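Visitor: Provide a 3D model corresponding to the input given below.
(2 chains)
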Protein chains: 2
Amino acid sequence: MSGRRDFDLPALRAGVLAGEKRAVARAITLVENRDELAYELVREIYPHTGGAMVAGFTGPPGVGKSSLLSSLVTLLRSDQKTVGMVSVDPSSPLSHGAVLGDRIRLSDHFLDAGVFIRSMSTRGQLGGISEATLQALLVLDASGKDVLLLETVGVGQSEVDVATIADTVVLVLMPGSGDSVQALKAGVMEIPDVIVINKADHPAARTMRSEIRSILSLDRDRPWKPPIVETEAIRGEGVDQLWAAVLEHRAFLERDGGLEQRRRRSIEHEVVAVAVSQARRRLSQAVAGDAEVRRLLDRVHARELDPLTATREIAERVLKLGG
Amino acid sequence: MSGRRDFDLPALRAGVLAGEKRAVARAITLVENRDELAYELVREIYPHTGGAMVAGFTGPPGVGKSSLLSSLVTLLRSDQKTVGMVSVDPSSPLSHGAVLGDRIRLSDHFLDAGVFIRSMSTRGQLGGISEATLQALLVLDASGKDVLLLETVGVGQSEVDVATIADTVVLVLMPGSGDSVQALKAGVMEIPDVIVINKADHPAARTMRSEIRSILSLDRDRPWKPPIVETEAIRGEGVDQLWAAVLEHRAFLERDGGLEQRRRRSIEHEVVAVAVSQARRRLSQAVAGDAEVRRLLDRVHARELDPLTATREIAERVLKLGG
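Guide: Next up, the predicted model:
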């Protein structure tokens, strides 16, 4: 890329802190490219972060998250809030078209100076996204955006995990999201802070609402009762109620010191997630390229060495994890 | 537990290799308890493994996997095959009842000497299950079972990941599994080897089948075309077609050396998964209890130190992952 020398660290730092769109864009590109300059930048701007409100939106593909977020951005802009948004995009040859289609709805906001939207590819590595997501959100936070929106696409707990960097986690479903409802019911997916049923015009929306209500009612000890909001994202219906629910959750957190606690937990979670993804990268590289590791794997394949002993040796070699 | 001294290593080894149910049960309990004796046992019996055929069944909760597997065990037994089965059970206060209900269907087989069934709890740690699952399957393999069935409960890629230890991965869905279909369509969930639509009596089953067909048809380069099998697990309908599809996939793998390749890939995958889960455990322990790590986290919370620098220091301290 030609832009590598557009910005040195002081210029990037000044640009990001001044909220300049071009500097923010460059910074997030550096983040995506795992450039050491991004690391240095985030280290320098970190004291200027923490001012933004962070809401995470997660849910299966196809439920209308992007439309919902586009409507939400419109609402926030009408309220004079500046918005930074990061979409974690599961890139795959098959998904390309589908996800691109969703993104088009967000393009309404691309010319608005008060909005910054970036889609980041997971490049097939769910774990590796933690670090880039965290850095991108910190850049947007330091750039002075009032509200940060994080969108993760997927089903299951892994995606909810990515969203836990947020102060408020919103799970977006639609009628037909039977698997997610079952996952909530069986406890294999954590209960989020706010649940949205999008495409609420659908005849099955009411059944779904009562099913989710009965799941939530099982958990009487939860101090925060997650509200269920019905939306019609394409027409912008229910988006104000959704935002009201997010603000209510935020007020709940602030009331009893929960926000501090949550951010502490979120930091712990992020540190573990980022370190784990670094460990995974190291291990994958070693498995692919380290001759001694290849030799151990060959011996496992030949049934001369059991996989756990091999794992211990490989972990010791790559991660210094002694027995 | 009183049983700790029932078996020493030689007795356990002999018992497992002779296929004695009590020795196998003890071995898997040791595996679950992360006992060093389990590690030693697996190391000794490993040369006796590799003979069993391993099929992994994954899918969201509530689709009827346990009924399907119960019917499948009946079919395999009528064919004189011995069966070992491990169910990875997402334990949570909420799920307890639901999952227990499913297990009851499998209890028909508990008295059959040719069948060994064990449910293993994830104890809230999806990552940590890799090691125990791998060990339990190796114990059952060495005990001489012809067919090993692995059941993982959940939605999304993480569960498919657990199943990749198997030679053949079967994804079980039902009409209403809209989220999983969307996840396949968007490419956020890998295409499995066989797809089952259970509860095929449902009027929406046909629509679902054609939807999945059209998703699979996008991927023309795939040498193996995953068959879609419709079942009615409670009545045992379609279970023979399901098993025929698994055998067909197995024959496909054996035809062009794919089985060797797949097992190599599976070993690599397992080694990384087990080492990553060990790294995660170390990191979580350090985050919870290591005073120096706590101090770093406090500084991050106070915005004195950015999270990535803290992560690098913590990773270096806990995993010796230098920059």
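
Visitor: C-alpha only now, for contacts and for neighbours.
Guide: Will do.

Visitor: just the closest residue of the stretch 151-300 of chain A to chain B, please.
Guide: residue A:186 (4.1 Å; C-alpha to the nearest C-alpha).

Visitor: quick check: phi and psi at that residue.
Guide: Dihedral pair for residue A:186: phi -80, psi -10, per degrees, to the nearest 10.

Visitor: cool, residue A:164 as well?
Guide: Per degrees, to the nearest 10, the backbone of residue A:164 is at phi -70, psi 0.

Visitor: show me where chain A has strands.
Guide: Assigned by DSSP state E, the strands in chain A fall at A:53-59, A:83-89, A:115-121, A:147-153, A:168-173, A:194-198, A:228-231.

Visitor: nearest to residue B:180, out of the ones you listed?
Guide: For residue B:180, the closest of the strands of chain A is strand A:53-59, at 11.4 Å, according to C-alpha to C-alpha.

Visitor: report whether that closest one contacts chain B.
Guide: No. Applying C-alpha under 8 Å from any C-alpha of the partner chain, one finds strand A:53-59 out of contact with chain B, separated by at least 8.8 Å.

Visitor: where is the longest helix in chain A?
Guide: Scanning chain A for the longest helix, with DSSP state H as the assignment, gives helix A:258-289.

Visitor: in that helix, what counts as buried?
Guide: A:259, A:262-284, A:286-287 (16 or more other C-alpha atoms under 10 Å in any protein chain shown).

Visitor: taking the mean pLDDT, what do you get for it?
Guide: Mean pLDDT, helix A:258-289: 90.

Visitor: next one: it, is it in contact with chain B?
Guide: Yes. For helix A:258-289, a contact with chain B is found by C-alpha under 8 Å from any C-alpha, at A:263-264, A:267-268, A:270-272, A:274-276, A:279-280, A:283-284, A:287.

Visitor: circling back: burial count for the residue of the stretch 151-300 of chain A closest to chain B?
Guide: Using other C-alpha atoms under 10 Å in any protein chain shown, residue A:186 has 26 other residues around it.

Visitor: my guess is it contacts residue B:61, does it?
Guide: Yes. In this structure residue A:186 lies within contact range of residue B:61 using C-alpha atoms under 8 Å: 6.7 Å.

Visitor: sorry, back to before: rebuild the strands of chain A as a markdown table, extending it with distance to residue A:45, mean neighbour count and mean pLDDT.
Guide: Formatted as a markdown table, those follow (distance: least, C-alpha to C-alpha, whole Å; neighbours: other C-alpha atoms under 10 Å in any protein chain shown; pLDDT from 0 to 100):
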| stretch | distance to residue A:45 | mean neighbour count | mean pLDDT |
| --- | --- | --- | --- |
| strand A:53-59 | 17 | 25 | 94 |
| strand A:83-89 | 16 | 24 | 89 |
| strand A:115-121 | 18 | 19 | 88 |
| strand A:147-153 | 16 | 25 | 92 |
| strand A:168-173 | 23 | 26 | 95 |
| strand A:194-198 | 31 | 25 | 97 |
| strand A:228-231 | 36 | 23 | 97 |
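
Visitor: next up, the contacts around residue A:151.
Guide: Contact analysis of residue A:151 by C-alpha atoms under 8 Å, 6 or more residues apart in numbering or on different chains lists A:56, A:57, A:58, A:65, A:85, A:86, A:87, A:88, A:163.

Visitor: beta partners for the second one?
Guide: Spelled out, that is residue A:57. Legend: beta-bridge partners of residue A:57 under DSSP bridges are residue A:151, residue A:170.

Visitor: now do the contacts for it.
Guide: By C-alpha under 8 Å, 6+ apart, residue A:57 lies in contact with A:65, A:149, A:150, A:151, A:152, A:163, A:169, A:170, A:171, A:172.

Visitor: distance to residue B:7 added to those residues, as a markdown table?
Guide: Shown next, in a markdown table, are the contacts of residue A:57 (distance: C-alpha to C-alpha, whole Å):
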| residue | distance to residue B:7 |
| --- | --- |
| A:65 | 56 |
| A:149 | 56 |
| A:150 | 53 |
| A:151 | 52 |
| A:152 | 49 |
| A:163 | 46 |
| A:169 | 49 |
| A:170 | 51 |
| A:171 | 49 |
| A:172 | 52 |
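
Visitor: before we move on, the earlier item: which among the contacts of residue A:151 gets closest to chain B?
Guide: The nearest one, if we look at these relative to chain B and count by C-alpha to the nearest C-alpha, is residue A:88, at 11.5 Å.

Visitor: pretty sure the closest one sits against residue A:149.
Guide: No. With contact defined as C-alpha under 8 Å, residue A:88 does not reach residue A:149; the gap is 10.9 Å.

Visitor: how much space separates residue A:241 from residue A:275?
Guide: 38 Å (C-alpha to C-alpha, to the nearest Å).

Visitor: what does residue A:191 give?
Guide: Separation of residue A:191 from residue A:275 (C-alpha to C-alpha): 25 Å.

Visitor: before we move on, what about residue A:233?
Guide: Per C-alpha to C-alpha, residue A:233 is found 37 Å from residue A:275.

Visitor: picking up where we left off before, dump the strands of chain A to JSON lines, plus distance to residue B:108.
Guide: Formatted as JSON lines, the strands of chain A follow (distance: least, C-alpha to C-alpha, whole Å):
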{"stretch": "strand A:53-59", "distance to residue B:108": "38"}
{"stretch": "strand A:83-89", "distance to residue B:108": "45"}
{"stretch": "strand A:115-121", "distance to residue B:108": "47"}
{"stretch": "strand A:147-153", "distance to residue B:108": "40"}
{"stretch": "strand A:168-173", "distance to residue B:108": "37"}
{"stretch": "strand A:194-198", "distance to residue B:108": "39"}
{"stretch": "strand A:228-231", "distance to residue B:108": "41"}
